[in-house]
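Asks: the sequence isn't on hand, but the structure is:
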């Protein structure tokens, strides 16, 4: 298991393409300047010991040295000891609506991105709870099973989009039914399901039945609404460029609206609460308070408890490359010159 202490230093790697670009520009400028001074054959006679390859070699060594120093600043750590630890928490499943209506931009940047940010911020507030993720539209799809790996959860969360499920529409009951299979601990007394959606539901009749079954299984259901009651059209984009707006069978532009009533009914029947997701900070704080009030169940989890710093290897390699770069001169090395590795012709 690898852990990175200071990821922000990765941005320093952008210096490398800048240095390469400047080096190439310098080569072009040198060639043009030298042509004005003398032709190539005369230059070779004037500088017979100048190597045409060591400049590039010095650059490569310098960049390797710089990369090593930057990776040293990032301070990679390797987990060397896997332990089973006792943790207390709640089992939480997030069901995220990925239907096309979530592309509406009545809440910036759009409903789906807002939903993903809400889930990500909630995860940031968790300490030892276990989490799972479900994506749903007309069908529900397990995105991440119950886990304590918050990093993996955020990675899977960010990959979610409206194209991941081919069938469209919105069936909240499918998400609830799938969520009931996620909780693998029969003794877990606190099972929480968060449904993040704009409230569009094409299976209203069976949704409340699914809620009843979930409540019987000991699941508490919270709903988080994203969008505005006024509604907005659904933009259809390609490569970030707007191509058209979604239309119905009659050719009219579809206006999708936040349906708070359905979400409130689900949370009421599910012994939870409806939360307005418009203000991320307020919504996350409210959810944090709700989770703190719940009883925590103790469970076992495996995690790396001991990490060893590896920065010294990268710093050592970086300094070595920089040391070599300093002592390599631009002129030809005599013993290499005799080997003629690069087939450099002698100038009479």
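Replies: Perfect, I can see it now. Keep in mind that this is a model prediction, so the values were computed, not measured.

Asks: give me the distance between residue 28 and residue 22.
Replies: Look at residue 28 and residue 22: by Cβ to Cβ, to the nearest Å, they are 11 Å apart. C-betas here are computed from N, CA, C, even on glycine.

Asks: oops, could you answer that again for residue 182 instead?
Replies: Taking Cβ to Cβ, one finds residue 182 at 53 Å from residue 22.

Asks: the two: which has the busier surroundings?
Replies: Neighbour count, other Cβ atoms under 10 Å: between residue 182 and residue 22, residue 182 has more, with 22 against 10.

Asks: tell me the pLDDT at the more buried one?
Replies: pLDDT, residue 182: 90.

Asks: pretty sure it contacts residue 143?
Replies: No - here residue 182 does not reach residue 143: they are 10.6 Å apart, not a contact under Cβ atoms under 8 Å.

Asks: which neighbours do these two share?
Replies: Taking Cβ atoms under 8 Å, 6 or more residues apart in numbering as the criterion, residue 182 and residue 143 both touch residue 134.

Asks: where in the protein is pLDDT low?
Replies: Counting by pLDDT under 70, the low-confidence segments of the chain come to 1, 34, 37-52, 79-87, 167-168, 187-188, 204, 297-307, 329-348.

Asks: can you tell me the helix or strand for the nearest residue to residue 98 once chain neighbours are set aside?
Replies: Of all residues beyond its chain neighbours, the one nearest residue 98 is residue 135 (4.8 Å), with distances taken as Cβ to Cβ, 6 or more residues apart in numbering. According to DSSP states H and E, residue 135 maps onto strand 130-136.

Asks: how far away from the center of its chain is that strand?
Replies: The chain centre lies 16 Å from the centre of strand 130-136; the measure is Cα atoms, centre = their mean, to the nearest Å.

Asks: that one: what's the following helix or strand?
Replies: Note on strand 130-136: by DSSP H and E, the next helix or strand toward the C-terminus is strand 140-147.

Asks: so which elements touch that next one?
Replies: strand 91-97, strand 130-136, helix 150-158, helix 172-179 (3 or more Cβ pairs under 8 Å, 6 or more residues apart in numbering; DSSP states H and E).

Asks: what pairs with it, parallel or antiparallel?
Replies: strand 130-136 (antiparallel) (DSSP bridges).

Asks: what sits up against the strand it pairs with?
Replies: Residues outside strand 130-136 that contact it (Cβ under 8 Å, 6+ apart): 89-99, 119, 123, 140-148, 150, 153, 156-157, 160, 164-165, 170-172, 174-175, 178-179, 182, 299, 301.

Asks: same question for stretch 229-236.
Replies: Residues from elsewhere that reach stretch 229-236 (Cβ under 8 Å, 6+ apart): 100-101, 103-106, 242-246, 253-258, 260.

Asks: again with stretch 240-252
Replies: Stretch 240-252 has contacts (Cβ under 8 Å, 6+ apart) with 100, 233, 234, 235, 236, 237, 253, 254.

Asks: out of these, which comes closest to residue 66?
Replies: In terms of Cβ to Cβ, no member of the contacts of stretch 240-252 lies closer to residue 66 than residue 237, at 39.0 Å.

Asks: now residue 211: closest residue in space, sequence neighbours ignored.
Replies: residue 269 (4.6 Å).

Asks: what about that neighbour? Give its phi and psi, please.
Replies: For residue 269, the backbone dihedrals (degrees, to the nearest 10) come out as phi -70, psi -30.

Asks: good, we can wrap up now.
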